[in-house]
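> build the 3D model from these lines:
(2 chains)
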Amino acid sequence: MANATETSDVPRTAVRPADDERNVKLLFLVPAVVYLLLLSVVPFIYSVYLSLFDARLTRLDRKFFIGLENYQNLLTDPLFLKAIQNTVVLTVSSISLEIVFGFLCAKVFLSLREMRTGQVLRSLAILPMMITPICVGLMFSYILNPTLGVANYLLSSIGVEGPSWFGDPTFALPTVIFINAWQWTPFMMLLMLAGLVSIPSSLYEAAELEGAKWHHIARWIELPAIRDVIIIGLILRVIDNLKLFDLVYVTTRGGPGDATELITYFAYRQDFRFFQVGYGSAAAVIILLMSIVVTTFAVSFLRRNQR
Amino acid sequence: MNRETKALPLVAAVFITFIFTAPIIWMVMAAFKTVVDIYAVPPVWVPDFTYLENFKVLLSDNWPFLLNSLIVTVGATVLSLALALPAAFGLVYFQFRSQNFLADWILSTRMMPPIAAAVPLYMVFNGFGMLDTIPALIIVYAGFNLPFAIWVAMSFFRNIPREIIEAARVEGCSWVQTFRLVALPLAKSGIATVATFVFIFAWNELLLALFLTTREARTFPVVISSFSTVTRTYWELISAATIIQILPPVIFTIIMQRHIVSGLTMGAVKH
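From the prediction side, this is the model:
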């Protein structure tokens, strides 16, 4: 408005092309940016603010500023510490399984990639990764159920008594890890396959002529070709595992005891079971900080490698 | 290579495929079993596939929630694309300071765990009286998939030869025309990929739906999770619901498998 008087000698219809262009460009970008600010940045800042209060979801008009007390309590809360420990164990072991088995599966399908049967089998084998996580959880609850499950029936037919997979504290977390790895191994497999197909077959032939053993080929030819895709897969899977919720929500609900308590599930329960939204928000902030640290570290590692 | 060298990998491939599909198939079979057969020991291996009672019972009570899921998912996909496509185009073709910063910032919002925004979103929608409504879910799902949609769309716009865009500009097309008449048609298959991914992500979502819905606007995953209660688990309903719920992702995986890798890695890896 202030400019209106200064530019009043310019005919109003003649908008300068540069200005016009600038506005059009803003039109492309601004809606998405504003939307993202409103839907993720603003709520997140509010979460940080809320984490400094003793606040209950049922009575949000009466909240008390308590500074960093929620964070102090979290770091001495055995359940939260157990949740962090479980999340780290889950993340490290399921990703390790995914990488090892993903690589083996990728090698198998690589050698069959020119064969129609191989392609059909591969497209069936990747089904787990896209299907709804709660359905995956329920599927395995059904299969591993101690009374009606087919897994323990098959075990008993060879004389082994299967445990209560989700009910026994020693088996619960490994079972969740196994299911998680089952769902995501196909993803790692596809990633590695994408890296492996880029290796020219002349390189394999040369290696064989030189008398290289399979582990030489794996170490010096295949690993360098798939290293970047492994790192990308790693970043995405770490973030996913920090967010993991659905799987334990429909299988163990964090139990038995605290055996499968995970950080996102912990935060969810604080917010919506105990209505301690201040405490829950503090947990959520810590989850986000963990994702940021991991991602920044991994991305800078990736960029350094690419240069 | 001859047939013999393929025999071993082929056996391995069949085994791998069995491992990754058998649990799904077993669940699908349960949907066609009576409650008695589901609990039978030894198990009933092959059910009577003409027994559709479980689906009838499930859908007669719960079809509104399936419809909710469909409306929410389609709505979120459309809204997300409407915001993401122009933004992705701008980030690829406009030259401006902070261009890379903006792209990185958008990517970084993808790292945000939904739980960190759930309580504030709950409060906002509560304030507007929009809790347990379909628009609230559409707005939230579109937002959470936006960074993903922008990044993947950017990778597809980058594949359009720059000369084509420049030629359109030289011929006197405005940016809007260049976007609508040149870039969008050329990126058609890419847009389809983005749309399908956003659809599947929204379709599979549970956490935010638990926060934001209570009765009317519940989505199908919320309903499925409620079939497992402390006192009883309704396996016959769960299995029937699972078939319906996983049908779109399964079809998508089979049809679009070429795009899955580049999609899930936000265009960082091409297959």
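
> how is chain A partitioned into domains?
Following automatic domain parsing, one finds the domains of chain A at A:16-65, A:71-306.

> deepest in the core, which of these is it.
Of all the domains of chain A, domain A:71-306 has the most neighbours on average by mean count of other C-beta atoms under 10 Å in any protein chain shown, namely a mean of 19. C-beta: built from backbone N, CA, C; applies to glycine.

> quick one, grab the pLDDT at A:I199.
On pLDDT, A:I199 comes in at 85.

> that one touches A:L223, doesn't it?
No: at 10.7 Å, A:I199 does not count as touching A:L223 under the criterion of C-beta atoms under 8 Å.

> is any part of the longest strand that chain A contains close to chain B?
Across chain A, the longest stretch assigned as strand under DSSP state E is strand A:59-65. Yes: on the criterion C-beta under 8 Å from any C-beta of the partner chain, strand A:59-65 is in touch with chain B at A:L60.

> again with stretch A:250-259
Yes: contact between stretch A:250-259 and chain B is present through A:V250 (criterion: C-beta under 8 Å from any C-beta).

> first vs last residue of that stretch, how far apart are they?
In stretch A:250-259, first residue to last residue: 15 Å (C-alpha to C-alpha, to the nearest Å).

> verify the contact between A:L173 and A:L90 for me.
Yes: the criterion here is C-beta under 8 Å, and A:L173 meets it with A:L90 at 6.9 Å.

> with just CA atoms, put the longest strand of chain A into PDB.
C-alpha atoms of strand A:59-65 as PDB (Å, rounded to 0.1, in the frame of the first residue of the first chain):
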ATOM      1  CA  ARG A  59      -7.900 -30.200  31.400                       C
ATOM      2  CA  LEU A  60      -5.800 -28.200  29.000                       C
ATOM      3  CA  ASP A  61      -7.000 -24.800  30.400                       C
ATOM      4  CA  ARG A  62      -5.100 -25.600  33.600                       C
ATOM      5  CA  LYS A  63      -1.400 -26.400  32.900                       C
ATOM      6  CA  PHE A  64       1.600 -25.500  35.100                       C
ATOM      7  CA  PHE A  65       5.000 -24.500  33.800                       C
END
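
> ok, A:L262 - contacts?
A:L262 makes contact with A:83, A:86-87, A:90, A:244-245, A:248, A:254, according to C-beta atoms under 8 Å, 6 or more residues apart in numbering or on different chains.

> try B:F96
Contacts for B:F96 were tallied using C-beta under 8 Å, 6+ apart; they are A:K25.

> quick one: secondary structure of it?
Secondary structure state of B:F96, per DSSP: H, G, I helix; E, B strand; the rest coil, is coil.

> give me the pLDDT for it.
Note for B:F96: predicted pLDDT of 83.

> do the same with A:Q306
61.

> what's the first helix or strand after the longest strand of chain A?
Downstream of strand A:59-65, the first helix or strand assigned by DSSP states H and E is helix A:69-76.

> and for that following helix, what's in contact with it?
The contact list for helix A:69-76 (C-beta under 8 Å, 6+ apart) reads A:51-54, A:80-81, A:278-279, A:281-283, A:286.

> and stretch A:216-223, by the same measure?
The contact list for stretch A:216-223 (C-beta under 8 Å, 6+ apart) reads A:196, A:199, A:203-204, A:207, A:212.
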